[in-house]
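Asker: one predicted model, sequence on top.
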Amino acid sequence: MTDRDTDDFAQFAEMFENASRDERRAVHGRGPVDPTTRTRRRRRGRIIALVVVGVIVAAIGTYVPLALNAPVGAAASTTHLPPVAPGSAAKLAFPEGEESAISVSGADAYLGPGASGILASSGGDAAVPMASISKLITAMVILTKKPLTTSSPGPSITFSKADHALYDKYYLLNATIATMPTGSSMSEHDAIETMLVVSACNYSEAMVDWAFGSTGGFVTAAKKWLAANGMMHTTMVESTGIDARNTSTPGDLITLGKLAMANPVIAEIVAKKGLDIPFLTGMPSTNTLLGSDGVNGIKTGTLDDYGSDLLFSAEVPVTGLEQPLKVIGVVLGGGTRDSVNDDVTRLIDSLKAGFHEVVVAEDDEKVGTYTTPWGASATMVLGSSASVFTYSDAKITSTMTTSTLKTGKNGEKVGSVTWKAGTSTVTVPVVLQGSIAPPTTWWRLTHPQELWR
């Protein structure tokens, strides 16, 4: 009601009171009422009636359009988005009783930035004999002195009678060897390949004599190389690994594996399943795991009384990741070559199994309601099912946003929910199930307190 309506009503009330007072005086007066007076009173009554009707009409004429056009309040919303339980915790299948470690790059968003250092390890990090893994250090030190490229095989080396005698030396030591006829020649690349692929001890010693003049010269160079590359817990006393005093730790050997695979010449050599060198063609690699589970290197080692070792590299495809994982791992002191291969296979499989999709949303899952002051209501539901890709039992958080509504249609988008695990996110729309109709005319006319509160 406007201020003008209020003033009109006050004037009418005053007029009505005066008329009533005059009527009472006439009725209780001392003489008969004059006809003229009666006519005047009837006329006054009509006026009063007309005024009353006018005021009522005016009031209705003002209230009704105001009530029908007054803005209504927004629907009240309640949400109840249930928390999502994380996925199963990953459990890397490290072999029991063996020192082992694994480094993984290519999935820092899921594993954390430390994974490309050492993701996990088992069995300690003590320095133990590394057997023929020593030859990988020997090759890296030689290439520091006599570098190669993948497009050049390097200088030709002719083997002397003294070199040929190394075959007999290591044969008597029951070490791995390869033919080295006196006067035969091969490139530096092929000699390093023979040393690494078939793990020939005679080629290892012959190459350090060629590059450094003696085993002593090589040991001095190796010590400097190890220090320069942060491998402070590794010791080399000779080039082959047949001496148990050649020791290292899983942490240092992970570093060695990364350095080796970053060298194109070494990476190409250690991926070979056998030799294709004249007079050595067909000799197989000692790394019988090559080609399985993405394994593409690096070096085996076996030493009596200390078991079998494997420093390995692998490119592991995982469903849900755009690029394969790059894995460097090591197992020291295993049983047999076959049992170590099985250990590595189980470890890689358990790493892959740690990645999974966790269901976070079901289609039409109820997540809230809207309720209006005039009694209309509708349900909020998820517009689709969804899952989030993650590793292990990473925490999954959720955020829900909703719109402010006064009315709404069935199926209308009214918000969204986003789930996040690390850097992996997924968003699902929230839609109305049911409609929210506007208030009726009768409700508007009979609920002024709801319209103008």
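Answerer: That came through fine. Predicted model only: the values in this text are computed from it and were never measured.
Asker: what helix or strand does the spatially closest residue to Tyr203 that is not a sequence neighbour sit in?
Answerer: Setting aside the residues directly before and after it, Tyr203 is nearest to Met195 in space (CB to CB, 6 or more residues apart in numbering), at 4.3 Å. Glycine gets a C-beta too; all of them are placed from N, C-alpha and C. Taking DSSP states H and E as the criterion, Met195 maps to helix 188-197.
Asker: hmm, who's touching that helix?
Answerer: By CB atoms under 8 Å, 6 or more residues apart in numbering, the residues outside helix 188-197 that reach it are 135-136, 138-139, 142-143, 146, 148, 152-157, 178, 186, 200, 203-204, 206-207, 265-266, 269-270, 272, 274-275, 277, 280, 283, 285-286, 299.
Asker: make a ChimeraX selection of whichever of these turn out to be buried.
Answerer: Buried residues among these (16 or more other CB atoms under 10 Å), as a ChimeraX selection:
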select :135,136,138,139,142,143,146,148,153,154,157,178,186,200,203,204,206,207,265,266,269,270,272,275,277,280,283,285,286,299
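Asker: next step: the contacts of helix 188-197 restricted to helices.
Answerer: Judged by DSSP state H, the contacts of helix 188-197 include 135-136, 138-139, 142-143, 203-204, 206-207, 265-266, 269-270 as members of helices.
Asker: just flag the most distant two among the residues you listed.
Answerer: By the measure CB to CB, Ala206 and Val270 form the most distant pair in the ones in helices among the contacts of helix 188-197, at 19.6 Å.
Asker: give the buried residues for the helix holding Met195.
Answerer: For helix 188-197, burial by neighbour count (16+ other CB under 10 Å) applies to Glu188, His189, Asp190, Ala191, Ile192, Glu193, Thr194, Met195, Leu196, Val197.
Asker: for stretch 155-167, same thing?
Answerer: By 16+ other CB under 10 Å, the buried positions in stretch 155-167 come out as Ile157, Phe159, Asp163, His164, Leu166, Tyr167.
Asker: CA atoms only for that stretch - export them in CSV, please.
Answerer: Below are the C-alpha coordinates for stretch 155-167, written out as CSV (Å, rounded to 0.1, in the frame of the first residue of the first chain):
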residue,chain,number,x,y,z
PRO,A,155,89.5,-46.5,-34.1
SER,A,156,90.4,-50.1,-35.1
ILE,A,157,92.1,-52.2,-32.4
THR,A,158,94.4,-55.1,-33.3
PHE,A,159,94.8,-57.7,-30.6
SER,A,160,98.3,-58.9,-29.7
LYS,A,161,99.5,-62.2,-28.4
ALA,A,162,99.3,-60.8,-24.9
ASP,A,163,95.7,-59.9,-25.5
HIS,A,164,95.0,-63.4,-26.8
ALA,A,165,96.6,-64.8,-23.5
LEU,A,166,93.8,-63.1,-21.6
TYR,A,167,91.4,-65.7,-23.0
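Asker: returning to what we had before: could you dump the buried residues of stretch 155-167 to a markdown table with pLDDT?
Answerer: Putting those into a markdown table (pLDDT from 0 to 100) gives the following:
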| residue | pLDDT |
| --- | --- |
| Ile157 | 96 |
| Phe159 | 94 |
| Asp163 | 93 |
| His164 | 92 |
| Leu166 | 96 |
| Tyr167 | 95 |
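Asker: between those, which is closest to Pro429?
Answerer: Comparing the buried residues of stretch 155-167 against Pro429 with CB to CB places Ile157 closest, at 69.4 Å.
Asker: now the protein, which segments are flagged as low pLDDT?
Answerer: Confidence mapping of the chain against pLDDT under 70 gives the ranges 1-35, 37-38, 41, 45, 49-61, 63, 67, 449, 452-453.
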